[in-house]
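**Student:** here is a sequence with its predicted model. Questions after.
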Amino acid sequence: QAEDGIRDQPRSRGLGDVYKRQDGHHWVLNGEKKYITNGALAGMMTVMARTPIEENGKIKEKVTAFIVTPDMAGFQVIHPNRSKCGIRGTWQATLRFNNMVVPRENVLGEVGRGLKVALTVLDYGRCTLSAGCIGGAKVALEMSVRHAQNRSQFDRSLSEFHLIKQKIARMSELVFAADALTYLAAGMVDRHDEDLMLETAICKLFCSEASWRVIDDAVQIHGGAGYMRENGLERMLRDARINRIVEGATEVMTSFVALMGMKEVGEDLERVLHAARRPIHNFGRLATFARHEWRDVIVGPSWTGLDPQLVKEGEKLAQLTRLLARSVTRLLAKHQQKVLDLQLLHSRLAWSVIELFTMSAVISKLQSTLEKTNGADVDRRQLNHDLVVGKGYCQHAARRIQRRLKGLFRNHDKQRLAVANEVFDFYAQVDGDH
């Protein structure tokens with residue numbers, strides 16, 4: 001708990017506390033920070049801390065960004081590094097601040113606006129993390145293709161077995177889609193588009209999950225050889241695992257995507273329910289984004305600009321977008337405020353949005369490629385490869401989206417949650433008996 005103090009020394013304070021000194025020129029930081037990359041090596045760092053802010057006569061806690069250096073009194077390195085599963089080339093430190101006095105000039109941005117600073121950095125960080133995920137996944141895919149082509153089992157090439165082909169096809173589709181999505185999101189960041197939290201969160205979520213699936217499949221295709229250290233796949237697997245945790249853990253970001261997308265829809269629906277007006281005509285951000293931005297990303301104001309080879313995929317994207325909008329409205333009408341806690345529904349909704357956006361990125365990439373090849377001397381083999389893989393992703397993604405949206409209203413969530421509750425109760429009783 002932070003407070004805007006009028007004293008130089010705090011009372012008993014918990015972790016992450018900040019207060020202002022009586023002179024009004026300094027802030028005092030107390031608390032610990034864990035898993036800080038290069039925290040024991042850096043000569044300067046940015047610290048996000050809760051600060052007391054007065055709004056409308058009330059004191060509220062808001063995040064402020066502070067620039068600190070290790071030579072400040074009260075700065076302490078508890079652990080310079082921790083032993084980790086992967087990414088062992090980086091150091092993650094545990095830091096402690098003991099009444100560390102920070103001049104007010106070291107506030108980065110405005111007091112109470114640190115979250116904006118953090119999220120701005122996250123837009124870039126999520127794109128670069130996604131690019132790293134793609135790089136590793138591409139290497140794993142190529143290694144798997146070569147291994148399947150050269151390895152024989154039961155007097156047949158490994159590449160002839162359907163379960164191996166299934167993995168290679170899925171890996172190829174995910175790598176192609178992740179590449180298209182990252183370029184699209186990075187382009188938005190480079191253009192300095194406003195309010196990209198949703199788009200970059202989608203990019204990070206998809207690419208981190210896709211990378212993990214691709215590399216895991218690569219290990220499986222290699223069999224025992226994939227588990228050995230000499231070919232590098234086991235290290236890739238260990239290193240890839242952190243991407244589902246850093247820059248926003250998968251579970252947190254999944255709910256973020258779902259709830260951020262439903263926010264304006266819910267506000268519109270609440271006004272309709274309370275005022276008994278006509279049914280909603282503007283479905284809020286998800287539908288608006290889908291109706292205008294996704295369409296504009298691909299061809300502009302009309303689907304008629306799509307290459308004939310992509311019309312089917314464009315029409316499916318439009319159809320699924322309308323289905324999404326109707327599903328969100330129906331979901332909110334059914335659950336209202338309770339939907340905030342229904343995270344299994346969040347997952348189905350979020351991944352429908354994520355794959356819709358990724359479909360739009362794939363179609364955009366294919367459309368751009370086809371436009372560049374009209375009348376030009378191009379590599380037709382590469383073009384055909386991209387069309388087969390990209391269209392394959394769109395077809396499979398469409399089926400997954402339809403299944404998830406159907407699962408919003410027909411599912412076995414209560415049974416699954418009941419099993420989990422029983423397990424928790426069982427272990428709690430076992431612990432109590434001991």
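**Tutor:** Yes, it's here.
**Student:** after the helix or strand encompassing Lys138 comes which helix or strand?
**Tutor:** Using DSSP states H and E, the element containing Lys138 is helix 114-150. Downstream of helix 114-150, the first helix or strand assigned by DSSP H and E is strand 152-153.
**Student:** how about the strands in the stretch 1-150 of the chain?
**Tutor:** According to DSSP state E, counting those that start in this stretch, the stretch 1-150 of the chain carries its strands in the segments 17-20, 26-37, 45-55, 58-68, 75-79, 92-103, 107-108.
**Student:** closest to Ala258 out of those?
**Tutor:** strand 58-68 (23.0 Å; CB to CB). Where C-beta positions appear, they are placed from N, C-alpha and C, glycine not excepted.
**Student:** return the distance of the closest one from the chain's centre.
**Tutor:** 25 Å (CA atoms, centre = their mean, to the nearest Å).
**Student:** mind putting the strands of the stretch 1-150 of the chain in TSV, distance to Leu174, mean neighbour count and mean pLDDT included?
**Tutor:** Below are the strands of the stretch 1-150 of the chain laid out as TSV (distance: least, CB to CB, whole Å; neighbours: other CB atoms under 10 Å; pLDDT from 0 to 100):
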stretch	distance to Leu174	mean neighbour count	mean pLDDT
strand 17-20	43	24	65
strand 26-37	27	18	91
strand 45-55	33	18	88
strand 58-68	35	17	90
strand 75-79	36	14	95
strand 92-103	28	18	94
strand 107-108	37	16	94
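**Student:** burial measure for the nearest residue to Arg104 once chain neighbours are set aside, as a count.
**Tutor:** Distance criterion CB to CB, 6 or more residues apart in numbering; nearest residue to Arg104, sequence neighbours excluded, is His25 at 5.5 Å. For His25, the count of nearby residues is 11 (other CB atoms under 10 Å).
**Student:** can you report phi and psi for His25?
**Tutor:** Main-chain dihedrals, His25, degrees, to the nearest 10: phi -110, psi 0.
**Student:** pLDDT at it, what is it?
**Tutor:** pLDDT for His25: 84.
**Student:** check Thr128 too.
**Tutor:** 95.
**Student:** relative to Asn231, how far out is Arg146?
**Tutor:** Applying CB to CB, to the nearest Å, the value for Arg146 to Asn231 is 11 Å.
**Student:** these two - which one has more neighbours?
**Tutor:** When Arg146 and Asn231 are compared for neighbours, Asn231 comes out ahead with 16 against 11, by other CB under 10 Å.
**Student:** in this structure the more buried one contacts Ala140, no?
**Tutor:** No. Asn231 lies out of contact with Ala140 (CB atoms under 8 Å); the separation is 10.6 Å.
**Student:** about what we covered before: including distance to Tyr124, could the strands of the stretch 1-150 of the chain go into TSV?
**Tutor:** Shown next, in TSV, are the strands of the stretch 1-150 of the chain (distance: least, CB to CB, whole Å):
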stretch	distance to Tyr124
strand 17-20	26
strand 26-37	15
strand 45-55	14
strand 58-68	15
strand 75-79	26
strand 92-103	20
strand 107-108	15
